[in-house]
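In: when you get a sec, could you give me coordinates for this:
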Amino acid sequence: EKLVNAIGPEHKKLAGELRDLVTSATEEVIIISPYYVPGKNGVEVTRDLVDSGVRVVVITNSLASNNHVPVHSAYGRYRKDIAKMGVELFETRADAGRFTQEADAPDQFTLHTKLILIDRRYLFVGSLNMDPRSIDINAEMGLLIDSPEMTGELADRLDQRLPIMAYKLVVTN
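Out: Residues are numbered from 1 along each chain as shown. As a prediction, the model looks like this:
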């Protein structure tokens, strides 16, 4: 129906419910999306979170690790503003596979995971990218898990491994 009808809120149910959960965060939101194009609404939600004292971390592909250059170009329009507002913005290294403990890790790395961790309690995993195409056109699905133990452990592992698996973007004047 998304392809033949005008797109309305009923076609964006997953994104809307996920937005409501994310905006209820009080401590931390970690977003992992290979294609991160927040758009105006995503920027506003992010700004509101940061302004309310929530730690926001976004992990996405770097240009070198991205398999869709046009999407990276669209993300690039938001990158500086997102980083300036206080988001911890990471871009995965194309050679991140060298830093894993897996013997068969690929030489070239492309992030394809779609996760959102909220307050080290909720874990969303699914097919939804944080970009307009996923929200407006694609039929997406996901699973929401309420597990402080699992989500907290995953968040801790991300905090430990991000410095070697991804570049942290820093905006200077």
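
In: by mean pLDDT, flag the weakest helix or strand of the protein.
Out: Ranked by mean pLDDT, DSSP states H and E, the weakest helix or strand in the chain is helix 132-136, scoring a mean of 54.

In: who touches E88 in this structure?
Out: By Cβ atoms under 8 Å, 6 or more residues apart in numbering, the contact set of E88 is R55, V56, V57, V58, K168. Any C-beta I mention is one placed from the backbone N, CA and C, and that applies to glycine too.

In: most neighbours among the residues you listed, which one?
Out: Most neighbours among the contacts of E88, by other Cβ atoms under 10 Å: V58, with 25 neighbours.

In: so that residue belongs to a strand, correct?
Out: Yes. Counting by DSSP: H, G, I helix; E, B strand; the rest coil, V58 is part of a strand.

In: my guess is it contacts M85. True?
Out: No. Counting by Cβ atoms under 8 Å, M85 is not a contact partner of V58; they are 11.1 Å apart.

In: what about the strands in the protein?
Out: 28-32, 55-61, 88-92, 115-118, 122-126, 142-146, 166-168 (DSSP state E).

In: the first one pairs with which strands?
Out: So the one you mean is strand 28-32. Sheet pairing here is set by DSSP bridges, and for strand 28-32 it gives strand 55-61 (parallel), strand 115-118 (antiparallel).

In: quick one: closest of the ones you listed to R93.
Out: With respect to R93, and counting by Cβ to Cβ, the nearest of the strands paired with strand 28-32 is strand 55-61 at 9.8 Å.

In: would you turn the strands paired with strand 28-32 into TSV with distance to E149 and mean pLDDT?
Out: Below are the strands paired with strand 28-32 laid out as TSV (distance: least, Cβ to Cβ, whole Å; pLDDT from 0 to 100):
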stretch	distance to E149	mean pLDDT
strand 55-61	20	93
strand 115-118	13	92
